[in-house]
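In: here is my input, please return the structure:
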Amino acid sequence: MNFVEQMRKTGFVTMAETDVLQLLTADGEEQQALFQWARDVRRENCGDEVLLRGVIEISNSCQKNCDYCAMRSTNKELGRYALSPDKILSLAQDIKDAGIRVVFLQGGQNPFIDSIIEQVVPVIKNEMSMEILLCLGERPKEVYEKFARLGVDSYILKYETSDSSLYREIAHGPLEKRLQAISSIQAAGLKLGTGNIIGLPNQTMRSLFEDILLGIKIKPDFISSSPFIPNANTPLENHSHGSVNLTLNTMAICRIVLKTPLIPSVSALESLNKGGQKIGFDAGANVMTINFTPKDRQSLYKIYSDRRFVVSLEHAYRTIESAGLQFRQPSRPAQRINQL
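Out: Now for the predicted structure:
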């Protein structure tokens, strides 16, 4: 009986650092046992259904200057854009027509985009009857409350790392401010998505353990882990990418410990490893995001530079089917992919 099987048999209740670190570094048969454990927990608590979200990347302008992101404010090489309200609403209709019921509006941290949000959210929510997820950075508490009143359902704000010194080094601001914004999202009544980046410079295994503990403490509705991917025109463009295995193992541990949150199989897994998103589902994920951003803007949304993998609906269907899972939408019965 390997270590993972022993942990599963005796119960994973103490979150001892040595145990978690051994799970984080599992490979071979131990990793497969970890993934099986995560899948069983997902099946028991969430079913074997995958939620699809349609993302529209509405703007690449950002106030922040994070070292890992090419949309950082000081990057003068990047052409900036913002989609018009009419274009966003047209794309939201495309998402609805594709049978997806979650519209995910994503952009840099730019309060000037809020007026556009005020125009499009009521239409998407009330006239299209869609769920709305935002990822637009840190905002004051009253702005999150305004978003909730408009009809926004959920908001993603990743803590990126639990290491306050590392966070200040890469994001040039206090982690405490980020965590306060996360708390404000929850206080506003919005469902919260958060998570970390794996492979940041000077990140330690202990800080990854602390990342998991922070995720448990926050009690999010969604949690994600993404491997770092170096981006051109950033201070970290020559840094190596994050470990896919560490990312997958973190996902599996979060599924086992937290049980019910939505966990996405992120596109960065596919960028670094063909078939990576299928393995993400094997590790306990149950969400996939389909990109509906206009093709002439996708290349300007520089979250993963030239290594970015843009997820299509066809790729999502194939990947979900290959993982032996089902396609789900809110308030609708699950369907097998081959029945769509």
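In: please make it C-alpha for all contacts and neighbour counts, starting now.
Out: Noted.
In: quick one: mean pLDDT over the strand or helix carrying L192.
Out: Using DSSP states H and E, the element containing L192 is strand 191-198. For strand 191-198, mean pLDDT rounds to 98.
In: contact partners of the very next helix or strand once past it?
Out: The C-terminal neighbour of strand 191-198 among helices and strands, as given by DSSP H and E, is helix 205-218. Defining contact as Cα atoms under 8 Å, 6 or more residues apart in numbering, one finds that helix 205-218 is touched by 17, 20-21, 161-163, 194-196, 198, 223, 250, 254, 257-258.
In: how about 6 Å then?
Out: S162 (Cα atoms under 6 Å, 6 or more residues apart in numbering).
In: swap in stretch 289-301?
Out: By Cα under 6 Å, 6+ apart, stretch 289-301 touches 52-57, 60, 311-313.
In: follow-up on the earlier one: and the strand holding L192 with helix 205-218, angle?
Out: 180 degrees (axes from the mean of the first three to the mean of the last three Cα atoms, to 10 degrees).
In: so which elements touch strand 191-198?
Out: strand 154-156, strand 222-227 (3 or more Cα pairs under 6 Å, 6 or more residues apart in numbering; DSSP states H and E).
In: which one of those lies nearest to A70?
Out: Minimum separation from A70 across these (Cα to Cα) falls at strand 222-227, 15.8 Å.
In: okay, helices next: where are they in the stretch 101-250 of the chain?
Out: With helices called from DSSP state H, counting those that start in this stretch, the stretch 101-250 of the chain shows them at 114-122, 141-150, 164-171, 175-187, 205-218, 244-258.
In: and the fourth one, which residues are buried?
Out: Spelled out, that is helix 175-187. 175, 178-179, 181-182, 184-186 (16 or more other Cα atoms under 10 Å).
In: can these go into a markdown table with extra columns for pLDDT and distance to D97?
Out: Output for those, formatted as a markdown table (pLDDT from 0 to 100; distance: Cα to Cα, whole Å):
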| residue | pLDDT | distance to D97 |
| --- | --- | --- |
| L175 | 98 | 40 |
| R178 | 98 | 36 |
| L179 | 98 | 37 |
| A181 | 98 | 34 |
| I182 | 98 | 32 |
| S184 | 98 | 33 |
| I185 | 98 | 30 |
| Q186 | 98 | 31 |
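In: let me know the angle separating the longest helix along the chain from helix 244-258.
Out: Once the chain is assigned using DSSP state H, the helix that runs over the most residues is helix 28-45. With the same axes, to 10 degrees defining the directions, helix 28-45 sits at 40 degrees from helix 244-258.
In: tell me the mean pLDDT for helix 28-45?
Out: Here the average pLDDT along helix 28-45 is 98.
In: report pLDDT for M1.
Out: 81.
In: quick one: buried residues of stretch 263-276?
Out: Those would be 263-272, 276, for stretch 263-276 by 16+ other Cα under 10 Å.
In: which residues are in contact with that stretch?
Out: Contact partners of stretch 263-276, identified using Cα under 6 Å, 6+ apart, comprise 222-224, 277, 280, 285-288, 307-309.
In: need the worst-confidence member of these.
Out: Ranked by pLDDT, those bottom out at R307 (69).
In: how close does the nearest residue to A323 once chain neighbours are set aside get to P227?
Out: Nearest residue to A323, sequence neighbours excluded (Cα to Cα, 6 or more residues apart in numbering): K278, at 5.9 Å. Separation of K278 from P227 (Cα to Cα, to the nearest Å): 15 Å.
In: which one of those two is surrounded by more residues?
Out: Legend: neighbour count by other Cα atoms under 10 Å for K278 and P227, higher for P227 (24 against 21).
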